[in-house]
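**Student:** Predicted model, plus sequence, below.
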Amino acid sequence: MLTIEHISKDLGEFILDDVSLTVEDGEYFVIIGPTGAGKTILLETIAGGVYPPPDSGTVSLNGRDVTFVPPRERNITMVYQDYMLFPT
């Protein structure tokens with residue numbers, strides 16, 4: 001189970017503001033929104049991506065708080081829509 005509680009992150013141009021959600025085991029979820037809505041920031045926060053930890057809130061996997069756990073220890077991955085983000 002994935003639990004996001006009150007995640008906020010301000011990157012200037014892109015902002016997440018108090019996002020909470022729960023995805024139960026076996027469920028699928030889709031994040032839809034316009035450009036700049038924070039979809040990528042949310043996914044990178046869940047995966048422990050390139051940004052520093054969130055300004056507030058927690059990310060939990062199966063009841064374990066992984067907000068400050070390194071990405072390699074989360075066992076989560078994401079694939080960007082446009083492979084040109086990483087031309088090498």
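**Tutor:** Perfect, I can see it now. Note that the structure is predicted; figures quoted are calculated from it, not measured. Residues are numbered from 1 along each chain as shown.

**Student:** how about residue 41, secondary structure?
**Tutor:** For residue 41, the assignment made with DSSP: H, G, I helix; E, B strand; the rest coil gives helix.

**Student:** cool, and residue 59?
**Tutor:** Reduced to three states by three-state DSSP, residue 59 is strand.

**Student:** give the contact list for it.
**Tutor:** 2, 3, 4, 7, 45, 46, 65, 66, 67 (Cβ atoms under 8 Å, 6 or more residues apart in numbering). Every C-beta, even on glycine, is put in place using the N, C-alpha and C of the backbone.

**Student:** repeat that with 6 Å
**Tutor:** Residue 59 makes contacts with 4, 46, 66, 67, as judged by Cβ atoms under 6 Å, 6 or more residues apart in numbering.

**Student:** swap in residue 73?
**Tutor:** Counted by Cβ under 6 Å, 6+ apart, residue 73 has zero contacts.

**Student:** I'd like the distance between it and residue 64.
**Tutor:** Per Cβ to Cβ, to the nearest Å, residue 73 is found 10 Å from residue 64.

**Student:** before we move on, what about residue 2?
**Tutor:** Per Cβ to Cβ, residue 2 is found 11 Å from residue 64.

**Student:** Pull out the buried residues from the helix or strand bottoming out on mean pLDDT in the chain.
**Tutor:** In the chain, no helix or strand scores lower on mean pLDDT, DSSP states H and E than helix 39-47, which sits at a mean of 90. Of the residues in helix 39-47, 39, 40, 41, 42, 44, 45, 46, 47 count as buried by neighbour count, 16 or more other Cβ atoms under 10 Å.

**Student:** Could you do stretch 64-74 as well?
**Tutor:** Neighbour count says stretch 64-74 has 66, 67 buried, by 16+ other Cβ under 10 Å.

**Student:** where in this protein is pLDDT low?
**Tutor:** Regions of the chain meeting the criterion pLDDT under 70 cover residues 50-51, 82-88.

**Student:** Could you pull out the strands in it for me?
**Tutor:** For the chain, strands defined by DSSP state E occupy the ranges 2-10, 15-23, 56-61, 64-65.

**Student:** Give the pairing partners of the last one; include direction for each.
**Tutor:** Using DSSP bridges, the neighbouring strands of strand 64-65 in the sheet come out as strand 56-61 (antiparallel).
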